[in-house]
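Asks: Everything below, folded, please.
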Amino acid sequence: MLRPLLNLAFVFAFTAAAHAADWSQYLGPTRNGVSTETVKPSSSPRKLWEHETPGGFSSFAIADGVAATMTLRDIDGAPQEICLALDAKTGRELWTASLGVANYLEKKPNGEANSGTASNHGGDGPRSTPAIAKGRVFATSGNLVLACLDAKTGKQIWKHDLVKEFHGKNIHWANAASPVIDGGMVFIAGGGEDQSLLAFDQQTGRVVWKTGNETITHSTPTIATILGTRQVIFFVHSGLVAVDEKTGKTLWRQPFRFNVSTAMSPLASGDIVYCSAGYQVGAAAWRVTKAGGSFKTTELWTQPASVINNHWSTPTIKDGFLYGLFGFKEFGTCPLKCVELATGKVRWTQEGFGPGGTILASDTLIVLGDAGQVSFVKADPASYHELAKFQAITGKCWNAPALSDGRLYVRSTKEAACFAVSGH
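Replies: Numbering: from 1, shown residues only. Predicted coordinates for the structure are as follows:
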């Protein structure tokens, strides 16, 4: 294990000055990669700690002083998916909890897990990001096991196996979607007939509602209030399905082509919803309207994959513009683009990032390239303006960064690190 790198006096002063904000789940508390914090772009930010994180493309969730992610660890001679909880300030390991044997991994002849090959049934390891709320951590495995864990100890509080209990069926490369939390509930897809979309009570694990006959994808659902109605938007084989958060009632559907794999999360801004996929699919946006209690969608635009496509890298939105990593299998070169949300017009393109992740802190984009480089870029539709850049970690970074309390958390298939980036 790599030793924590920590200056206690610095961290104390830094913590007192920074604006505290949890990053409680995948893509942050509002599930769109947006933070209200202000960062100070730097080419040499102070590294607070580092920690080994072998295997997987899980990101960090940070709340209650805990930074949680999913990784692989050999236990009793078998690779297992574990939820790893670190002290958010120091990187000290607090606890681990196994969600089961990672049996979706293809084996090499010598019995080792096969990492980083196209034939690998589950990628390089777990890709789901935990969520944290009210002293509990919610984690999902590649085999569709959802566990609720005590945030202080990692002790299991309740668990559901979607395959065994809800007749679920996994998909090629195994589940990669993260659990989504809101309104005291946990939302997830993966059940069988008439129960493919599910909501559980956070405290008890009780089923709040179950609905649908959908085939899941690798996409994590999003939650948005559209025209006054709080809704969960799932990106499944048939396209987008929006359901009422409290009841699971279907509000609207929007067909969208599926081909091989869908992985990015849908995005909602006002009454506009955006989604995209790789494998020659492309991107589209729709306006959602409501009349007489019924919702409907109207297409605003579509773009071919040669112009706009997101595979697993979900963009973020500021002032009506999409900013993110657009490209398919363009490892090391995938461009950062600015796209006008209402029209699909590309405003600018900057090559050289690779399919990592992008988040927004006030008016600054934080972009993690697939080789572990972090770039601070001004969110400006007029032109690309890089503010600072540094090499953060090594390994394959197909993860989204996380920002909490002035600290930037990044990880790869090899290691994780935390940097002080407070703008205060």
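
Asks: Pretty sure N399 sits against T53.
Replies: No. Shown here, N399 and T53 do not form a contact pair, counting by Cβ atoms under 8 Å, at 9.5 Å. For glycine as for every other residue, the C-beta is placed from the backbone atoms N, C-alpha and C.

Asks: Spit out the residues that contact these two alike.
Replies: 411-412 (Cβ atoms under 8 Å, 6 or more residues apart in numbering).

Asks: Just want to know which of those two has more residues nearby.
Replies: When neighbours are counted by other Cβ atoms under 10 Å, N399 and T53 differ, and N399 comes out ahead with 30 against 27.

Asks: what sits against the more buried one?
Replies: Taking Cβ under 8 Å, 6+ apart as the test, what N399 contacts is 57-59, 356-357, 368, 410-412.

Asks: And these, which is closest to W173?
Replies: W173 has its nearest neighbour among the contacts of N399 in F57, at 11.2 Å by Cβ to Cβ.

Asks: my guess is the closest one meets G125, correct?
Replies: Yes. Contact criterion Cβ under 8 Å: F57 and G125 qualify, at 7.4 Å.

Asks: Could you chop this structure up by domain?
Replies: Following automatic domain parsing, one gets these domains for the chain: 34-54+312-424, 58-216.

Asks: Mean pLDDT lowest where, among these?
Replies: Of all the domains of the chain, the minimum mean pLDDT falls on domain 58-216 (a mean of 90).

Asks: sorry, back to before: tell me which of the domains of the chain approaches A263 most closely.
Replies: Judging those by Cβ to Cβ, what sits closest to A263 is domain 34-54+312-424, at 3.8 Å.

Asks: on that earlier part again, can you add secondary structure and give the contacts of N399 back as CSV?
Replies: What follows is the contacts of N399, written out as CSV (DSSP: H, G, I helix; E, B strand; the rest coil):
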residue, secondary structure
F57, coil
S58, coil
S59, coil
G356, coil
G357, strand
L368, strand
V410, strand
R411, strand
S412, coil
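
Asks: For R230, state which of those is nearest.
Replies: Among the contacts of N399, S59 lies closest to R230 (Cβ to Cβ), at 24.2 Å.

Asks: Spit out the contact partners of that closest one.
Replies: 26, 69, 129, 357, 399-402, 409, 411.

Asks: From the centre of this structure, point out the most distant residue.
Replies: G292 (35.0 Å; Cα atoms, centre = their mean).

Asks: Give me the buried positions along the helix or strand where F234 lies.
Replies: Under the criterion of DSSP states H and E, F234 resides in strand 229-236. Within strand 229-236, the residues scored as buried using 16 or more other Cβ atoms under 10 Å are 229, 231-236.

Asks: sorry, back to before: quick check: the residue farthest from the centre of the chain vs Q254, distance?
Replies: From G292 across to Q254, the span is 19 Å (Cβ to Cβ, to the nearest Å).

Asks: Then T394?
Replies: For T394, the distance to Q254 - Cβ to Cβ - is 40 Å.

Asks: Mind checking which of the two has more residues around it?
Replies: Between T394 and Q254, counted using other Cβ under 10 Å, the more crowded position is Q254 (21 against 13).

Asks: So what pairs up with the nearest residue to that one once chain neighbours are set aside in the strands?
Replies: In space, Q254 comes closest to L240 once its chain neighbours are excluded; the distance is 4.3 Å by Cβ to Cβ, 6 or more residues apart in numbering. Beta-bridge partners recorded for L240 (DSSP bridges): F235, Q254.

Asks: Go ahead and confirm L240 touches T250.
Replies: No. Between L240 and T250 there is no contact, the gap being 11.1 Å when judged by Cβ under 8 Å.

Asks: sorry, back to before: for the domains of the chain, could you give me TSV that also reports distance to Q280?
Replies: Shown next, in TSV, are the domains of the chain (distance: least, Cβ to Cβ, whole Å):
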stretch	distance to Q280
domain 34-54+312-424	8
domain 58-216	17
